[in-house]
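Undergrad: got a predicted model here, sequence first, then my questions.
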Amino acid sequence: MKRFGGLCIAMLLGWAAPALAQTWQVDAAHSALTFTNTYQNVEYTGQFHRFDAEIVYDPNDLVHAKFDVSVDIASLDTQNSERDHTALGADFFDTAKFPKAHFVTTAFRKTTDGRVVADGVLTLRGVSKPVALTVRFKPDGDTATLEVTAQLKRLDFGIGSGQWADPSMIGNGVIVRGHLLLHARP
């Protein structure tokens with residue numbers, strides 16, 4: 001009887017223990033970090049080829065969820081070598097002084113329409129600002145797809161000085177998208 005009582009208590013404690021969000025490994029070969037902006041009112045898209053991400057996520061356990069992403073800014077590619085060279089220079093990203101961008105979540109929340117938003121802090125070009133990501137997560141067994149979208153203002157981070165600070169030349173609003181293929185870690 002004592003053994004049965006101990007088993008019952010252990011089961012109840014196990015059920016009462018909080019679930020821990022799943023840790024995921026990013027499949028870099030099948031993931032992308034892209035952005036869209038305008039130059040002289042013509043839209044262009046670019047991407048960052050190298051980034052690291054620590055993803056701990058379960059849509060049913062947002063309290064324990066965490067995104068921690070580091071981006072190698074020099075891996076910028078807009079399919080235009082002149083634009084890329086200029087963007088990496090001192091007037092824009094200034095990769096000599098600021099080679100990485102870093103985003104880390106501070107909280108997750110559900111909106112009234114059921115969407116998930118990840119609030120966090122983005123540090124870019126030495127400037128840290130709050131950023132909100134919309135999150136779409138599609139699990140499929142031991143894999144999952146994570147889609148995130150954020151809207152940034154480049155001038156908030158000092159991206160583009162002098163003549164480049166004019167938003168009629170280069171748009172101030174930048175849309176950043178992440179498409180990550182994830183594999184569950186044991």
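TA: Right, received. Where do you want to start?
Undergrad: so where's this structure shaky on pLDDT?
TA: By pLDDT under 70, the weakly predicted segments of the chain are 1-20.
Undergrad: can you point me to the longest strand in the protein?
TA: What stands out as the longest strand in the chain, according to DSSP state E, is strand 127-140.
Undergrad: could you list the buried residues of the host helix or strand of His102?
TA: Under the criterion of DSSP states H and E, His102 resides in strand 100-110. By neighbour count on 16 or more other Cβ atoms under 10 Å, the buried set for strand 100-110 is 101, 103-105, 108. To be clear about C-beta, it is placed using only N, CA and C from the backbone, and glycine gets the same treatment.
Undergrad: could I get the CA-only coordinates of it as CSV?
TA: The C-alpha atoms that make up strand 100-110 are tabulated as CSV, following Å, rounded to 0.1, in the frame of the first residue of the first chain:
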residue,chain,number,x,y,z
LYS,A,100,27.4,40.9,-35.7
ALA,A,101,23.7,41.7,-35.1
HIS,A,102,22.1,40.0,-32.1
PHE,A,103,18.4,39.3,-31.3
VAL,A,104,17.2,37.7,-28.0
THR,A,105,13.6,37.4,-26.8
THR,A,106,12.4,38.8,-23.6
ALA,A,107,8.8,37.4,-23.7
PHE,A,108,6.3,35.6,-25.8
ARG,A,109,2.6,36.5,-26.0
LYS,A,110,-0.6,35.4,-27.8
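Undergrad: quick check: angle from it to strand 127-140?
TA: 60 degrees (axes from the mean of the first three to the mean of the last three Cα atoms, to 10 degrees).
Undergrad: parallel or antiparallel, list what pairs with strand 100-110.
TA: strand 66-72 (antiparallel), strand 116-124 (antiparallel) (DSSP bridges).
Undergrad: want to throw those into JSON lines with mean neighbour count?
TA: JSON lines is the format used below for these (neighbours: other Cβ atoms under 10 Å):
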{"stretch": "strand 66-72", "mean neighbour count": "18"}
{"stretch": "strand 116-124", "mean neighbour count": "18"}
